[in-house]
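Trainee: need coordinates for the following:
(one chain, ligands or ions: 1)
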Amino acid sequence: MSNQTAGLVCAHHHLYSTLARGMPAPRNESKSFIQILNNIWWRLDAALDEEMIYWSAKLGACEALMSGTTCIIDHHESPNAIEGSLSIIARACNEVGIRVNTCYGVTDRWDDAGELHSKVSPLSKMTDAAKRGLDECDQFLSSGGVGMVGVHAAFTCSDETLQAAAELANKHNVGVHIHVGEALDDIQAGARLEDLAKDDWLLVHTVHLDRQLKGRIVHNARSNMNNAVGYAKPSTKTNTVLLGTDGIGADMVEEARLAYARLREFDVTQNPDTVWSWLENGYELFPDAKNDRVTFNYDFADSPWHAAFTTNLQAFDVEIDGQKVLANCQPTRVDLDEVRAKSAEQALRLYERL
Ligand SMILES: [Zn+2]
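Mentor: Next up is the predicted model:
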C-alpha cells in the first residue's frame, strides 16, 4: 500500500474542448446526439484558431498533470485551422512536460462549398476538408510527431475517406483513432469498418457497435451518460478496454470511479479491480508511463478498493522521466496563473465568435 502510483493515461481526450466550459448556451435546445454535435461541438471546433488551440491544449495539459495524468491520447478537430494544428498541441503539452499522442480527426461533413452535413453518404467523394485533415496527420507523423491517424466517425465520412485513413495509418505503422458507434446514428460503423480495423486501432465509445472489430476499445463513462447515448457494457467485450474522458478533463481516478459506479449499476457482482485494469491497459500505449511517479495525499492511492471510494484524492507531486513536473500541486515548467489568464482571454475570443 502506497501513496504513489505510476502516471495515469487518458486514452481519449479532446484538448480543444478545454475552453468550452462556460460557453454561451446554444440558441436551440439539443434533444438528440446529432443536435448536441450540431449546436455545441461542431460550432465550437469551427470557431477555433491557432491561438485558441494552443491555450486550450496548455490549460488541458496542466489540469491533466494536476490530476496525476501523465499521458494523453488526443483527438483534434479545428476545420478552419487544420494545417499545423497537431504540432501546436504537441508543443503546448511538451512545454507543460506531459506525454501526448495526437491526431487530426478527418471528416467529410464540411463539403467543398463549406456547407455542414450531419451525415455523409458512404458513396460520396472525399472532400477537400478530409484531404487536408489526412495531410495534417501525414505531415505531423512524417516529421516525427507522436500520433495516430484520426477519423471523426464513419457516419460523417465517405468510404473513400475511411479507406484512405486506414492506408495512411498503415504507411506510418500506427493505428486509426476513431469514434465508433457512439450513438445509434453510427450503427453502420461496424459493417463499414470490419475489413479495415486492425489491432492497433482505438475504437472510441462502441456503445452501438453491432459486431466484433479488431482494436482496443476506449470507454468514456461520463461522456456517454452526459449525452444519453446508452451504456457501452465494456466488461462484456473481449477487446482490451482503456479509459478516456472524451474531453471532460483528464482526471482519470475520477473517471475510473464514475466508470465503476456505472459498471456496478449494470452488474452488481463486479469489483474495482475490473475498472482499474482498464486504467492499467493504458501502459500498452505508453509503456514509459509505468516509470512516472505520482504522489497522492492518501496512503492507499495504489489500491483500487480504496481509490474507488475515496472521492478527494489529490495528486501533489508528479515525476515524468525522472523530472519533477508537478510540485505541491503546481506545474513546475509553466506559470499556472499565466496559463489560466491567457486561456480565459482566448475563451472570451472564442465565445464572441459563437
Ligand atoms: Zn471523443
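Trainee: and the longest helix for the protein?
Mentor: Ordering each helix of the chain by length in residues (DSSP state H) puts helix 336-353 first.
Trainee: which parts of that one are buried?
Mentor: When burial is assessed from 16 or more other Cβ atoms under 10 Å, helix 336-353 yields the following buried residues: Leu336, Val339, Lys342, Ser343, Gln346, Ala347, Leu350. Quick note: C-beta positions are derived from backbone N, CA and C, even for glycine.
Trainee: what lies in contact with it?
Mentor: 18-19, 22-24, 44, 47-48, 51-52, 55-56, 58-59, 62, 330-331 (Cβ atoms under 8 Å, 6 or more residues apart in numbering).
Trainee: let me know the average pLDDT across that helix.
Mentor: Here the mean pLDDT over helix 336-353 is 96, rounded to a whole number.
Trainee: start at 58 instead
Mentor: In the new numbering, first residue 58, that becomes helix 393-410.
Trainee: now, the contacts of helix 393-410 that are in strands?
Mentor: Gln387, Pro388 (DSSP state E).
Trainee: now a ChimeraX select for only the buried ones of the contacts of helix 393-410.
Mentor: Selecting the buried subset of the contacts of helix 393-410 in ChimeraX, with 16+ other Cβ under 10 Å as the burial test, is done by:
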select :75,76,80,101,104,105,109,112,113,115,116,119,388
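Trainee: contacts only, for Asp195.
Mentor: Under the criterion of Cβ under 8 Å, 6+ apart, the neighbours of Asp195 are Leu225, Lys228, His229.
Trainee: need the contact list for the first one.
Mentor: Right, Leu225. Shown here is Leu225, whose contacts under the criterion Cβ under 8 Å, 6+ apart are Leu191, Cys194, Asp195, Val206.
Trainee: ok, the residue lying closest to the last one once chain neighbours are set aside - how many residues close by?
Mentor: What sits nearest to Val206 in space, not counting adjacent residues and going by Cβ to Cβ, 6 or more residues apart in numbering, is Ala226, at 4.1 Å. Counted with other Cβ atoms under 10 Å, the neighbours of Ala226 add up to 24.
Trainee: then Ala170?
Mentor: As a burial measure, the neighbour count of Ala170 was computed by other Cβ under 10 Å and equals 7.
Trainee: lovely, talk soon.
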